[in-house]
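A.B. asks: Sequence and computational prediction follow.
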Amino acid sequence: MTGFPDATEVVQVHELARDLLQRAGSEHARRAATTLAHPVDGLRQTVIALLAGASLGEHESPGPASLLVIRGRVRLVAGDDSIELAVHQFSPIPNRRHSLHADDDSVVLLSVAVPERGPLAD
């Protein structure tokens, strides 16, 4: 047996980061993202590239979430609180409205535990 069943799904993170930063350069919002295919129900992982000065405006998370900086430097802001994160730093995301700001050209991995959806009502 060689490798895992989905070995062709291996993501080269640094190549993806480079491609997303390049794509962000042609976007009006100066950001680009892609959600990774993931075999685990309830886990959504998105790689987000933001050019220096770009941001994700204040929003709420659909579930518990965390952020890992792959490249650059960002600020995670929730109300009057903020935290600066650099390459290879990880932080949980506060369970309240928050925003993300890129101080440098940056790429982050956002992981969100998405609540399971209940059965549809008749």
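C.D. replies: Received it, and whenever you're ready, just let me know what you need.
A.B. asks: so who does residue 63 touch?
C.D. replies: If you count contacts by Cβ atoms under 8 Å, 6 or more residues apart in numbering, residue 63 has them with 112-115. Heads up, the C-betas are built off the backbone N, CA and C, glycines and all.
A.B. asks: Could you pull out the strands in this structure for me?
C.D. replies: Residue ranges of the strands in the chain, as given by DSSP state E, are 31-35, 43-50, 55-59, 65-71, 73-78, 81-86, 90-93, 98-102, 106-113.
A.B. asks: got any ranges where the chain has weak pLDDT?
C.D. replies: When residues are selected by pLDDT under 70, those of the chain lie in 1-8, 39, 116-122.
A.B. asks: What is the end-to-end distance of stretch 32-45?
C.D. replies: Distance between the two ends of stretch 32-45: 14 Å, counting by Cα to Cα, to the nearest Å.
A.B. asks: What of stretch 70-81?
C.D. replies: 22 Å.
A.B. asks: May I see the buried residues of it?
C.D. replies: For stretch 70-81, the neighbour count (16 or more other Cβ atoms under 10 Å) marks 70-74, 76-77 as buried.
A.B. asks: ok, so of the residues you listed, who is nearest residue 38?
C.D. replies: residue 70 (16.7 Å; Cβ to Cβ).
A.B. asks: Who wins on neighbours among the contacts of residue 63?
C.D. replies: When neighbours are counted by other Cβ atoms under 10 Å, residue 112 leads the contacts of residue 63 with 19 neighbours.
A.B. asks: So what pairs up with the residue lying closest to residue 58 once chain neighbours are set aside in the strands?
C.D. replies: Of all residues not flanking residue 58 in the chain, residue 99 sits nearest, at 4.6 Å (Cβ to Cβ, 6 or more residues apart in numbering). Bridge pairing for residue 99 (DSSP bridges) gives the partners residue 77.
A.B. asks: Was I right to think residue 99 contacts residue 55?
C.D. replies: Yes - look at residue 99 against residue 55 with Cβ atoms under 8 Å: they come within range, at 6.0 Å.
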